[in-house]
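Colleague: Quick check, what structure comes out for this input:
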Amino acid sequence: MDSRAKGRLGAFVALTIAAGILALMMCRPAAGQQVVDRIVARVEGDVLLMSDLRELGQFQKLLGGEAETESKRLDELIDQWIVEREAQAAHFTPPSDADVSSAVQQLEKSLGGTQPYQKRTGEVGLTSTAVRRLLGQELFFNRYFDYKFRPAAQVDSEAEQKYYDAEFTKELTARGQKVPPIDSVREQIHELLVQQDISARAAQWLTESRSRLKIEIVPEAAAGSK
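Modeller: Presented below is the predicted three-dimensional model:
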């Protein structure tokens, strides 16, 4: 899987906030008053907030230990906006509560159990409700990518053999592990290559979609002057 997918392209964040709170955040703060949120970008008139960037970074820390730079996270938020709008227009079905619960359980297990999970979420500053929402969004978007691009993914036996010879075999040999025959791992290799194809097609689609949008990045100074 490519670096974009490994960075959990699907680390998607909801872009929601009450209208009254948003209006308050856009006002110039009084002297000594702390600004708790601000607009960082507008996409076709919709706003992306600093709190969205912050939450995405917290989620990335929970999943992988490091948050991406602010500019990369902003790019991800814009990508999320694109996918969300198209998926909603297509009436794509969101994951069930059971699916989200399963994702939470898998995350808990990966972090060592319920107590380590709760400790880690507290350390990064996320509530269990927020984690559940973010995991649900990640499932939703990743499944939409699969729905949209899997039918066009092209992986043949020659590509499987090439990956087996050039990467799979080399990696196991370097670890001192026995290399199984290709037929015993062909299905796994095929799916890996399909996922790489889906990621590449999704990245190209997002780039093309962004070029057709009106996107305004709002510098901090400009946001504070409004």
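Colleague: Could you look up the next helix or strand downstream of the helix or strand of the chain with the lowest mean pLDDT?
Modeller: Between all helices and strands in the chain, the lowest mean by mean pLDDT, DSSP states H and E belongs to helix 19-25, at a mean of 33. Using DSSP states H and E, the helix or strand that follows helix 19-25 towards the C-terminus is strand 39-43.
Colleague: Packing partners of that next one?
Modeller: strand 46-49, helix 50-64, helix 70-89, strand 215-217 (3 or more Cβ pairs under 8 Å, 6 or more residues apart in numbering; DSSP states H and E). Every residue, glycine included, has its C-beta placed from N, CA and C.
Colleague: and for that strand, what are the contacting residues?
Modeller: Residues from elsewhere that reach strand 39-43 (Cβ atoms under 8 Å, 6 or more residues apart in numbering): 25-26, 47-50, 52-53, 74, 77-78, 81, 213-218, 223, 226.
Colleague: now do stretch 169-184
Modeller: Here stretch 169-184 makes contact (Cβ under 8 Å, 6+ apart) with 160-161, 164, 168, 189.
Colleague: Any chance of these in a markdown table with distance to K109, pLDDT and neighbour count as columns?
Modeller: Converted to a markdown table, those look like this (distance: Cβ to Cβ, whole Å; pLDDT from 0 to 100; neighbours: other Cβ atoms under 10 Å):
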| residue | distance to K109 | pLDDT | neighbour count |
| --- | --- | --- | --- |
| E160 | 30 | 97 | 20 |
| Q161 | 34 | 97 | 13 |
| Y164 | 30 | 96 | 19 |
| F168 | 26 | 95 | 19 |
| I189 | 26 | 97 | 19 |
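Colleague: Next, format those as CSV and append distance to D99 and secondary structure.
Modeller: Below are these laid out as CSV (distance: Cβ to Cβ, whole Å; DSSP: H, G, I helix; E, B strand; the rest coil):
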residue, distance to D99, secondary structure
E160, 30, helix
Q161, 35, helix
Y164, 32, helix
F168, 30, helix
I189, 26, helix
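Colleague: Closest one of those residues to G112?
Modeller: Nearest to G112 out of the contacts of stretch 169-184 is F168 (Cβ to Cβ; 29.2 Å).
Colleague: Residue ranges in the protein under the pLDDT threshold?
Modeller: Applying pLDDT under 70 to the chain picks out residues 1-35, 221-226.
Colleague: that older thread, ranking the helices and strands packed on strand 39-43 by mean neighbour count, which comes first?
Modeller: Using mean count of other Cβ atoms under 10 Å, the stretch among those with the largest mean neighbour count is helix 50-64, at a mean of 20.
Colleague: got the angle for it vs strand 39-43?
Modeller: Orientation of helix 50-64 against strand 39-43 (axes from the mean of the first three to the mean of the last three Cα atoms, to 10 degrees) gives an angle of 90 degrees.
Colleague: on contacts alone, who are the packing partners of helix 50-64?
Modeller: Packing partners of helix 50-64 (3+ Cβ pairs under 8 Å, 6+ apart): strand 39-43, helix 70-89, helix 114-124, helix 128-149.
Colleague: and of these, who's closest to E208?
Modeller: Of these, nearest to E208 by Cβ to Cβ is helix 70-89, at 9.9 Å.
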